[in-house]
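Peer 1: fold the stuff below for me.
(chains A and B)
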Amino acid sequence: MNHPTTTRTRWLAGTAALGIGALLLAGCGRSDEPTSPSAEAGAGIDDSPATGEIDVWAMGNEGEVLDELAAQFEDANPDATINVTAVPWDGAHDRIATAIAGGQTPDVTMLGTTWVGEFAPTGAFEPTPEGVVDTSSFFEGSQGTTVVDGVSYGVPWYVDTRVLYYRTDMAEAAGLDAPATWDDLTAFAEGMRAEGAASGLSLPPGGPDSSLYLLPFVWQAGGDVLTEDGSAFAFDTDAWKTAFEYYNSFFTSGLSENVRLETGEIEQKFIAGDVGAFYSGPFHVSLLKDQGGKDFEDKFAVAMVPGDQTRTSFTGGGNLAVFGDTDNRDTAWKFVRWLSQPETQVEWYGISTDLPSVESAFEDPVFADDPYTSVFGEQLSDAKAPPAIPTWAQISAIIDQEIEQVTRGDKSVDDALASIQQQAEAIGTGS
Amino acid sequence: MTTATAAAATAAPLAPAPKRRRARGRQRTTLAAWGFAAPFVILFLVFLAGPIVASFFMSFTDMTTRDLRSPLNVEVVGFANYIALFQDPRFLHSLVNTGVFVIIGVPLTMALALLIALGLDKGITKFRTVFRVGYYAPVVTSIVAIAIVWRFILQPDGLLNAFLAVFGISGPNWLQSTTWALPSLILMAVWRNIGTLMVIFLAGLQGVPREQHEAAMVDGANVFQRFGHVTMPALRPTILFAAVITGIGFLQFFEEPFVMTQGGPLDATLSAAMYTYDQFGFGNYAFASAASYVLFLAIVVLSLIQFRFLGRKD
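Peer 2: Reported below is the predicted structural model:
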């Protein structure tokens, strides 16, 4: 129980020491000018071979296997060296914050798509120079995650989107096809229940990131987090009400068990037939194949998420950003540019199984002919990310809370939405 | 430091020198002492005292992530963070949870640890080492490993409910129940912390003079009388120490909810430390600093109370 102290102390060492300096040295006061050196993109990048060294931070599995891909870049650019540092996801957010506070940043870093809105206002990232990448080559939803206040910081590297996983054998027994609409989905879940599943469709009734399950329903109903002009929150709207009530209906009707299943539990229940369908990202394909064994491989399939007005799903993934303090700006951007080429991305899929952020890469037979990845490709053209606002993490945590209260029957949807709206307004968009 | 002083002290008589030179020698000793202390002092100032003071000042500003690179831009907002903190129902709720945790957890841990320590000190002699290791094992085991095992135990169809089912009781979904999540975590924390206290109590018990026990026995005192009149008084400083460190530990209740429930369900296990951590994660550095200082103050007050009631009565 002593760890929190040490963690917190270390934290403060990184960030707070600057705070005191600020108070002692300055008369204090937020200037109206932007803190970033300039929100304008710098000069373009030429096509000459890259030279010199750059440091790249990458998280999780990406950090562990990026070396393999970087070696190919080094072969093509003999004078360039790419130093990859693998950063565990757990500490990555804090580590980047500390690096920015201490001015000890690498040249390039991978970023969670929802972090851009928080870190970009520090002015630590360089806006993407004109012409480095063709921004229209990426999936729209992914490209959107790099943009804060109209300026793009970095490029989408790989994407992740949620589709519907379902038991084909159970669906067949119930005489059902993959659902396309909300009505289909309810009937589908009922059918799965009739086939013995405890949860026809498994949805989280609350807890961390439940909001990311509710949000696609809102988009499907034509709503969004912010109003059209992005100036205010739009939680007290009909779309939210419709979506939230539909989400809750799975719990009130008993089509979804009121239990939160974590990764590790859900695949077991799915294989056992206790869960008929669930939403998840691409990583579950191999997980299910591994755990279900040969016999299970043809007992499940993936489908585009069913919808209302649209069939929008959630998109996440990883972006690449270049820090403004880099000593080797050209090589940093050249590396980023190379990583976002369709051929490189197909290659990268082979190494990491990360889905390409470039739309045209899905034309490659590796994706087009695969019954699973082709669905992800299709889904990505109708996928969205939460708005890139600095306070998103805080607001999504509030939504998680309210979902839990509603699914437990402690609160009505109307009250929950009013509460989300009021709390979100108190926090603000942070910009 | 001790070695340096000793060396200087033995060197002095070898050369009986006038007073002035001895004074200089002493000066050198002090200098050497500071030299040896310097690494710690510097590290302490830079990595502990500095940040602690800095975060105190920071708690009066509006610093967030956006100011990371240019902290000169923060605005002083006075007590606004503290006021906002006490207007946040979630923070107040986290304080209540922490209070419940301390009030139940501290006495329970201490009582159980003392009982086990007494047992190991006197009772079972044959397997003493095995038991000492057994009770201490949770202390040195990684919380993540513990969490996995306890999740297994506390799952709806887990070990605990399977055990209860033997008696015809159908147990709840412990970690997802607003009623049972906090008690479950308290139980886990108590189990985890008993080891540390047990070792401290064992050491304390070994310091109780055997002669006093023998004298009491000769006077015809029974086991309980001997415990009340001989063991307890001798153990008083140990108990004070144990109460203070356990109190501080439980006030900082963090790892159990962090790993097991993330503060849920519905904030039922949200502790003050967990709340603070979340705020840092959101990038609300100034606000989180304010929360840390409230927690810090609570720790100071609790420790003072403990000193007042358990301290030596002369």
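Peer 1: shouldn't residue A:95 be in contact with residue A:87?
Peer 2: Yes. The pair residue A:95 / residue A:87 is scored as a contact, 5.9 Å apart, by C-beta atoms under 8 Å. C-betas here are computed from N, CA, C, even on glycine.
Peer 1: which of these two has more residues huddled nearby?
Peer 2: residue A:87 (20 against 17; other C-beta atoms under 10 Å in any protein chain shown).
Peer 1: can you pull the contacts of residue A:212?
Peer 2: The contact partners of residue A:212, by C-beta atoms under 8 Å, 6 or more residues apart in numbering or on different chains, come to A:314, A:316, A:386, A:396.
Peer 1: go with 7 Å
Peer 2: Residues near residue A:212 by C-beta atoms under 7 Å, 6 or more residues apart in numbering or on different chains: residue A:314.
Peer 1: how far away is it from chain B?
Peer 2: Distance, residue A:212 to chain B, using C-beta to the nearest C-beta, to the nearest Å: 15 Å.
Peer 1: what's the per-residue pLDDT of that residue here?
Peer 2: As predicted, residue A:212 sits at a pLDDT of 94.
Peer 1: distance of it from residue A:281?
Peer 2: Distance from residue A:212 to residue A:281, counting by C-beta to C-beta, to the nearest Å: 11 Å.
Peer 1: now residue B:155
Peer 2: Residue B:155 is 25 Å from residue A:281, by C-beta to C-beta.
Peer 1: next one: residue A:200
Peer 2: Distance of residue A:200 to residue A:281, given as C-beta to C-beta: 21 Å.
Peer 1: between the two, who's got more neighbours?
Peer 2: residue A:200 (28 against 20).
Peer 1: the more buried one against residue A:193, yeah?
Peer 2: Yes. If you go by C-beta atoms under 7 Å, residue A:200 and residue A:193 touch, sitting 4.4 Å apart.
Peer 1: overlap in contacts, these two.
Peer 2: Common contacts of residue A:200 and residue A:193 (C-beta under 7 Å, 6+ apart): residue A:255.
Peer 1: tell me, how many residues neighbour residue B:69?
Peer 2: Residue B:69, neighbours per other C-beta under 10 Å, totals 24.
Peer 1: and it, that's in a strand?
Peer 2: No. Counting by DSSP: H, G, I helix; E, B strand; the rest coil, one finds residue B:69 to be coil, located in no strand.
Peer 1: all strands for chain A, in order.
Peer 2: All strands of chain A, identified by DSSP state E, fall at A:52-59, A:80-87, A:108-112, A:147-148, A:151-152, A:155-161, A:163-167, A:277-280, A:300-303, A:313-322, A:355-356, A:383-384.
Peer 1: and of these, who's closest to residue B:223?
Peer 2: Each of the strands of chain A has some distance to residue B:223 by C-beta to C-beta; the shortest is strand A:80-87, at 58.4 Å.
Peer 1: is it true that residue A:197 touches residue A:272?
Peer 2: No. Contact between residue A:197 and residue A:272 fails when scored by C-beta under 7 Å: they sit 9.4 Å apart.
Peer 1: the more surrounded of these two?
Peer 2: Using other C-beta under 10 Å as the criterion, residue A:197 and residue A:272 rank with residue A:197 on top: 26 against 12.
Peer 1: for the spatially closest residue to that one that is not a sequence neighbour, list the residues it contacts.
Peer 2: In space, and not counting its chain neighbours, residue A:197 is closest to residue A:276: 3.8 Å by C-beta to C-beta, 6 or more residues apart in numbering or on different chains. Contacts of residue A:276 were listed using C-beta under 7 Å, 6+ apart, and they are A:166, A:167, A:170, A:189, A:192, A:195, A:197, A:199, A:200, A:201.
Peer 1: same thing with residue B:272?
Peer 2: B:94, B:95, B:98, B:291, B:295.
Peer 1: for the last one, grab the count of nearby residues.
Peer 2: A count of nearby residues for residue B:295, using other C-beta under 10 Å, gives 22.
Peer 1: what does the fourth one give?
Peer 2: Each residue near residue B:291 was counted by other C-beta under 10 Å, and the total is 27.
Peer 1: ok, it to residue B:66 distance?
Peer 2: According to C-beta to C-beta, residue B:291 stands 19 Å off from residue B:66.
Peer 1: hang on, residue A:359 packs against residue A:136?
Peer 2: No. At 8.8 Å, residue A:359 and residue A:136 do not qualify as touching, with contact defined as C-beta under 7 Å.
Peer 1: and those two? Which one has more around it.
Peer 2: residue A:359 (19 against 8).
Peer 1: which positions in the stretch 101-250 of chain B make contact with chain A?
Peer 2: Contacts of the stretch 101-250 of chain B with chain A, taken as C-beta under 7 Å from any C-beta of the partner chain, map to B:173, B:176, B:249.
Peer 1: mind running it again at 8 Å?
Peer 2: Within the stretch 101-250 of chain B, the positions near chain A by C-beta under 8 Å from any C-beta of the partner chain are B:143, B:156, B:173, B:176, B:189, B:192, B:193, B:249, B:250.
Peer 1: report how many residues lie close to the closest residue to chain A within the stretch 151-300 of chain B.
Peer 2: As assessed by C-beta to the nearest C-beta, chain A sits closest to residue B:254 within the stretch 151-300 of chain B, at 3.9 Å. Residues near residue B:254, counting by other C-beta under 10 Å, number 25.
Peer 1: elements contacting the helix ranked longest in chain B?
Peer 2: Using DSSP state H, we find that the single longest helix of chain B is helix B:89-118. Helix B:89-118 is packed against helix B:181-206, helix B:232-251, helix B:272-281, helix B:285-310, with contacts defined by 3 or more C-beta pairs under 8 Å, 6 or more residues apart in numbering or on different chains; DSSP states H and E.
Peer 1: right, I'll call it a day here.
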